[in-house]
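> Sharing a model prediction with you, sequence too.
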Amino acid sequence: MASASIGASGNALASPMTNGHSPLSERIQIINDQKQFTSELTSQIERWDLRDAGFNYNIVAVFGSQSTGKSTLLNRLFGTTFDVMDETKRQQTTKGIWMCRGKDMNIMVMDVEGTDGRERGEDQDFERKSALFSLASSEVLIINLWEHQVGLYQGANMGLLKTVFEVNLGLFGGKKAQDGTNGRTLLLFVIRDHIGTTPLANLQATLTADLQRIWDSLSKPDELKDRQLTDYFDLDFTALPHKILATDQFELETRNLRGRFPMAWRSTWRTYGNKSKATKISTFRPSKSSLHNSLGIKLSAVALTEFNEQAKPQKRPIEAGKVVEGLGAMMRSWRTVALERYDRDASRYHQGVYKRKRADLIVSLDATLSPLFLGQLKNLHKACLGAFKKDILEGMKGEEYNFADVVSKAKAKCDNRFTTGARESVVDDSEEGKTEWNWEEELELLREEVQSVADQCRKDETKKMVNTIERNFKKQISEPIELALNKGSPNMWDEVLKAFRQTLDKAESTYLIKATSFNCTEEENTYSLAALRRRAWQALRSKIDEQTADSVFVGRLRAHFEERFRYDEQGVPRVWKPEDDIDGIPPWRTFFLRMPSPLFSETKALDLAAKFRKDADLAYVEAKRSTVSSVAQ
Ligand code: GDP
Ligand code: MG
C-alpha cells in the first residue's frame, strides 16, 4: 500500500540526524517526498568536513527497486547510517533522497527512494527526476537488483535506464566524445542474492545485451547518432550472496566490494571525480529549494561550462589587442547553442523555474561575452585610429592634394570601419538601448580622438601653407621693390609701400581661400594672418636692407650720378663746355636728403656721401680736364 507509506513523513524536511555519533556520520534528507530541496546541504557539507576538500570528493548514488537491500548495501560499503527497513514492519523507509558522508572516505553517498514506481503509485515523474538528479551529480551510480530481475525489462528498472541514457545524452551530449573521461559515469551493477547457478559472466552478458538494446532504441539527435554507450558510461558488474541464506559470505563479499572503492578503483576514481559534476553539487544554494531548481542549475551549468570552453580561446587575442574577425558571429553562435541546449534539456520541467534559470543563464553568458565585446571595441578603436593616421599620411604623399578632402575621406572611412566592426560584434540587440552592447560611446571617443589628430594635422598643414605663401610673397615683392629703389623717384617710398600692400593682399586672400577649405578656426586664422603680416613686413625690410647695403647703395648712386652727369635729359652724352656749370649738374647732394632717417643715421648718410664723393670728384676732374683740352685744341 503505497499511499500509507508516504503519508507518514509529512511535508517538512527532516533535520540532519546525528544518531548520537559524530557529525561525520550525520545524514541529511536532501530532497523530500514533496520534491523540496534542503536548505542545509552547504552547512552539512561543512559539518562533514568536506567543504575544504574542494572537488576532491566523489558522489555515489544508488538506483533500484524498493526493498532490494540498497540501504543495507550502502551502509556496508561506505559505513553510512541510512535507515534500513525494519523486517517486522516491512514499510518503506527511504523517502526522497538522503545523503551521508562515507566513513573515512571523501565520498558523499546518496540513497535514493526505490525506483520502480510501485511505492509511489503513478508518480513516474519523481522517478525520472531522481534518476536525472542521481546521474547528473554522481560519478558512480550503483544499480542494485535481484538476480531474478536480470533479463526482466521492467523489474530491473531497465525502462528507467532508458530514461537515464536519454537524459544523459541531453545533459552531456556532444561533449563527452571529445574528452573520453570528462563527465563519464560508472554504472556499477550489483546483483543481489546471487545463488551461483548462473555464473556472473552470464548475468553480465545478459545485462550488457539489454543495455545495448536500450541504447540502440534511443532516439538520438542526428549529430550524436553514432555515439556508443561506452562513450559515456563505464560498466562494471558484481554479485553478492544471499544475505539471509549465506550471511557470512554476504558479509565477506560486501567487505571485498568495499575494499574496491578506495583501493582498486582509486586509480580510475579520479576520472569520475570530474569538476563539472562536483560543481553541480557545490552550486546547490540553500535558498533554491526544489529539485527543479537544482536541475535547472545543473542543466544551465552544463550549458555554461561548454559555452565557456568555446569562449576561452578568444580571450587571449582580445587581451593582446587584436581585433578578432567575425567575433560577433562566433559569440552569437556560442550563445545560441548554449541556450538551445538548455532549452532542449530543461523546457520540459517546471516552467517558472525553467524561465528563471534561463534568465540567469543569459546573465552568466553575457557576463562572459561582455568583456570580449568591450575588448573588441577597444581594439577596434585603436586599429581605426591607426588606420586613420595612415590614411592621412598616404593622402598627403602627392604634391597636389587637398588636405580637407584627405581628412574628410579618412574620417568617413574610419567611422565606417568602426561602425561596421562594432555592429558585427554586438551579441544581442533585441533589447533596445541595452547598455551591455552599446558601442556608440566608444565611437564618440574615437571621433574625438580622430578630430584631435585632424586638428593637429591641420595646424601643421596651415603652418606649411603659411610658409609657402611667405616664400611666394618674397619672390613677388622682390622685383617691384628693386624697381622702385632703382628709379629713386620722389614718390619712391609710396611705390614701395604700394607694392608691399598689393602683394600682401594677394597673400592674405590666398591664405583665406585655403584656410576655409581646411576648416581652420577663427582663432587660427587670426593667428596665421598676424604671422603672415609680420613675416611679410620682415621680408620687405630685409629686401630693403639688402638693396641699401653699402656697396649696393654706393654702386647705385654712382650709376645714377653717371647717368645724369655724363648724359643729358635726352640721353645724349654731354660734351662739357667751359661756360657749363659742372658743379650744378646734377644736384646729387639732395640725393641723400630723400633717404628717410630710419634707414640711415646721420653719420651713416655722411659716411656714404663721403664714399660717393670720391667717385663724383673724379668725374668732375675728368669733365673739367676734357673742357680744357677741347679749349686748347
Ligand atoms: P532498500 O529499501 O532497498 O533500501 O532495502 P533495505 O536496505 O531497507 O532492506 C530491505 C530489507 O531487505 C531489510 O529487511 C533487509 O534486512 C533486507 N535485506 C538487505 N539486504 C538483503 C539481501 O542482500 N538479501 C535479502 N534477501 N534481503 C536483504
Ligand atoms: Mg532504503
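It's in. Residues are numbered from 1 along each chain as shown. Ligands and ions are numbered 1, 2, ... in the order given.

> The chain: strands as residue ranges?
27-31, 58-64, 97-101, 107-112, 140-146, 185-192, 233-239 (DSSP state E).

> Now do the third one: which elements does it pack against?
Using 3 or more C-beta pairs under 8 Å, 6 or more residues apart in numbering; DSSP states H and E as the contact criterion, the secondary-structure elements in contact with strand 97-101 are strand 27-31, strand 107-112, helix 124-137. Bear in mind the C-beta positions are built from the backbone N, C-alpha and C, glycine included.

> again, 7 Å this time
With contacts taken as 3 or more C-beta pairs under 7 Å, 6 or more residues apart in numbering; DSSP states H and E, strand 97-101 sits against strand 27-31, strand 107-112.

> Serialize these to CSV and add fields for mean neighbour count and distance to ligand 1.
Converted to CSV, the helices and strands packed on strand 97-101 look like this (neighbours: other C-beta atoms under 10 Å; distance: least, C-beta to the nearest ligand atom, whole Å):
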stretch, mean neighbour count, distance to ligand 1
strand 27-31, 23, 13
strand 107-112, 26, 7
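
> Distance to Ile362 and mean pLDDT added to these, as JSON lines?
As requested, those are arranged in JSON lines below (distance: least, C-beta to C-beta, whole Å; pLDDT from 0 to 100):
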{"stretch": "strand 27-31", "distance to Ile362": "27", "mean pLDDT": "88"}
{"stretch": "strand 107-112", "distance to Ile362": "31", "mean pLDDT": "88"}
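
> Would you convert these into JSON lines that also reports distance to Ala484?
Compiled in JSON lines, the helices and strands packed on strand 97-101 are given as follows (distance: least, C-beta to C-beta, whole Å):
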{"stretch": "strand 27-31", "distance to Ala484": "109"}
{"stretch": "strand 107-112", "distance to Ala484": "109"}
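
> What's the separation between the residue of the chain found nearest ligand 1 and ligand 2?
Closest contact between the chain and ligand 1, by C-beta to the nearest ligand atom, is at Gly69 (2.6 Å). Plainly put, Gly69 is 8 Å away from ligand 2 if you go by C-beta to the ion, to the nearest Å.

> Tell me who's in contact with the closest residue to that residue other than its chain neighbours.
Leaving aside its chain neighbours, Gly69 sits nearest to Arg192 (5.7 Å; criterion: C-beta to C-beta, 6 or more residues apart in numbering). By C-beta atoms under 7 Å, 6 or more residues apart in numbering, the contact set of Arg192 is 68-69, 144-147, 240.

> Could you rank the residues you listed by neighbour count and give me the top one?
Neighbour counts for the contacts of Arg192 peak at Asn144, which has 27 neighbours (criterion: other C-beta atoms under 10 Å).

> hang on, isn't that one packed against Ala61?
No - Asn144 lies out of contact with Ala61 (C-beta atoms under 7 Å); the separation is 10.7 Å.

> and the stretch 201-350 of the chain, which residues reach ligand 1?
242-244 (C-beta under 6 Å from any ligand atom).

> who wins for neighbours among those residues?
That'd be Lys243 among those, by other C-beta under 10 Å, with 17 neighbours.

> Now do the phi/psi pair for that residue.
With angles defined as degrees, to the nearest 10, Lys243 sits at phi -70, psi -40.

> what do you get for Asp581?
The phi/psi pair for Asp581 (degrees, to the nearest 10) is phi -90, psi 90.

> Quick one: neighbours of it, just the number.
So Asp581, with other C-beta under 10 Å, has 6 neighbours.

> distance of it from ligand 2?
For Asp581, the distance to ligand 2 - C-beta to the ion - is 152 Å.

> Spatially nearest residue to Gln310, not counting backbone neighbours?
Closest residue to Gln310 apart from its sequence neighbours, by C-beta to C-beta, 6+ apart: Trp334 at 4.7 Å.

> which residues touch that neighbour?
307, 310-311.

> hmm, which of those residues are the buried ones?
307, 310-311 (16 or more other C-beta atoms under 10 Å).

> Now Phe417: closest residue in space, sequence neighbours ignored.
Let me fix one detail, which is that residue 417 is Arg and not Phe. Cys384 (5.2 Å).

> For the one you found, list the residues it contacts.
Cys384 neighbours (C-beta under 7 Å, 6+ apart): 414, 417-418, 446.

> same question, Ser425
327-328, 373, 376-377.

> cool, and Thr420?
Counted by C-beta under 7 Å, 6+ apart, Thr420 has zero contacts.

> Please apply the same query to Ser300.
Ser300 neighbours (C-beta under 7 Å, 6+ apart): 342, 357, 360-361.

> Identify the farthest-apart pair in these.
The most widely separated members of the contacts of Ser300, counting by C-beta to C-beta, are Tyr342 and Asp360 (10.3 Å).

> between these two, who's got more neighbours?
Ranked by neighbour count (other C-beta under 10 Å), Tyr342 and Asp360 place Tyr342 first, with 24 against 14.

> what about the longest helix in the chain?
helix 440-487 (DSSP state H).

> Dump the contacts of Arg192 to JSON lines, plus pLDDT and distance to Leu24.
Formatted as JSON lines, these follow (pLDDT from 0 to 100; distance: C-beta to C-beta, whole Å):
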{"residue": "Thr68", "pLDDT": "87", "distance to Leu24": "27"}
{"residue": "Gly69", "pLDDT": "91", "distance to Leu24": "24"}
{"residue": "Asn144", "pLDDT": "91", "distance to Leu24": "25"}
{"residue": "Leu145", "pLDDT": "89", "distance to Leu24": "30"}
{"residue": "Trp146", "pLDDT": "87", "distance to Leu24": "32"}
{"residue": "Glu147", "pLDDT": "87", "distance to Leu24": "34"}
{"residue": "Leu240", "pLDDT": "95", "distance to Leu24": "26"}
